[in-house]
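> the amino acid sequence is not available; the structure is as follows:
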């Protein structure tokens, strides 16, 4: 079975634009490069990845484009743009051109924005309309309190393709299920948003495994079905809890339990379809050129 990782990161500290990434993050506070991940992808038979922004700058998005050009396993990039800039439509157009087919989506870092009602701002309409006009998707990096506002935003833009990162980041370590579960159910029922099976171990206590995630993953499949969920590693953030292979094995166990027979969709075809990935690239081996 071919596999696509729908959510991973690379970063270089010397860039200086990762505001969230400080020495307090421990082992994450260092460079993470394609060379380090390559062997793990090969070991786990992951044939392609979607590279996701980690800094709220357009410069970092262009840095990711450069990595994508040099790294055969990167099939698409989720970038960042200043969503409230007056010239946001032009900025998005420039990123599309610079991405040379690699830009697949844009992601504001909503979880880090001070205003909890940021998604409701009318000033964002132009940016979301530009996403639609450029056939780009929207990656929603939100926390559980943002889910109702995310639902309203998507209802306002019914043609917008969207995916929920990390299942909306439920507080698994704290045992919180509601109101996350009800808000997620409404979001899935009333919109066409997809969901990433990613980031859940990071929201759980250290040492957690399939048993601790089971209730949450069961709810994901009850809400989204097997055709609107895609697996992602969230590497290297994942490494705070587990290795790449360990998370893949946990995810495989959970998918086989809650969506038997749909492993190919969750681990490959849904991401390829949603992000319009070049399937010729997906089939290519993992090598770094240049």
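Received it, and whenever you're ready, just let me know what you need. If you're wondering where the values come from, they're calculated on a predicted model, not measured in any experiment.

> when you work out contacts or count neighbours from here on, use the C-alpha atoms and nothing else.
Will do.

> quick one, strands of the stretch 1-150 of the chain?
Along the stretch 1-150 of the chain, the segments classed as strands by DSSP state E, counting those that start in this stretch run 3-8, 46-52, 74-79, 103-106, 137-140.

> mind checking how far residue 49 is from residue 116?
In this structure, residue 49 and residue 116 are separated by 31 Å, where distance is defined by CA to CA, to the nearest Å.

> more neighbours: which of the two?
More neighbours surround residue 49 than the other of residue 49 and residue 116, with 28 against 15 (other CA atoms under 10 Å).

> wait, isn't the more buried one in contact with residue 5?
Yes - under the criterion of CA atoms under 8 Å, residue 49 lies in contact with residue 5, with a separation of 4.5 Å.

> is it possible to get TSV of the strands of the stretch 1-150 of the chain that adds distance to residue 270?
As requested, the strands of the stretch 1-150 of the chain are exported to TSV (distance: least, CA to CA, whole Å):
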stretch	distance to residue 270
strand 3-8	9
strand 46-52	12
strand 74-79	14
strand 103-106	14
strand 137-140	14
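
> what's around the nearest residue to residue 29 once chain neighbours are set aside, how many residues?
Once flanking residues are discounted, residue 29 sits nearest to residue 23: 5.6 Å by CA to CA, 6 or more residues apart in numbering. Per other CA under 10 Å, the neighbour tally for residue 23 reads 10.

> where's residue 23 relative to residue 112, distance?
In this structure, residue 23 and residue 112 are 18 Å apart, going by CA to CA.

> and if you look at residue 55?
According to CA to CA, residue 55 stands 11 Å off from residue 112.

> circling back: residue 40 is nearest to which of the strands of the stretch 1-150 of the chain?
Taking CA to CA as the criterion, residue 40 comes closest to strand 46-52 out of the strands of the stretch 1-150 of the chain, the separation being 8.4 Å.

> given the closest one, what are its sheet partners and their directions?
In the sheet containing strand 46-52, its partner strands are strand 3-8 (parallel), strand 74-79 (parallel), by DSSP bridges.

> where along the stretch 101-250 of the chain do the helices fall?
Under the criterion DSSP state H, counting those that start in this stretch, the stretch 101-250 of the chain contains helices at 125-133, 147-156, 180-190, 200-203, 210-224, 244-258.

> what angle do the second one and helix 125-133 make?
Using axes from the mean of the first three to the mean of the last three CA atoms, to 10 degrees, one finds that helix 147-156 and helix 125-133 are set 60 degrees apart in direction.

> residues contacting helix 147-156, please?
Under the criterion CA atoms under 8 Å, 6 or more residues apart in numbering, residues 117, 119-120, 160, 162, 168, 180, 183-184, 186-187, 190-191 lie in contact with helix 147-156.

> just the buried residues of these.
When burial is judged by neighbour count using 16 or more other CA atoms under 10 Å, the buried members of the contacts of helix 147-156 are 119, 160, 162, 168, 180, 183, 184, 187, 191.
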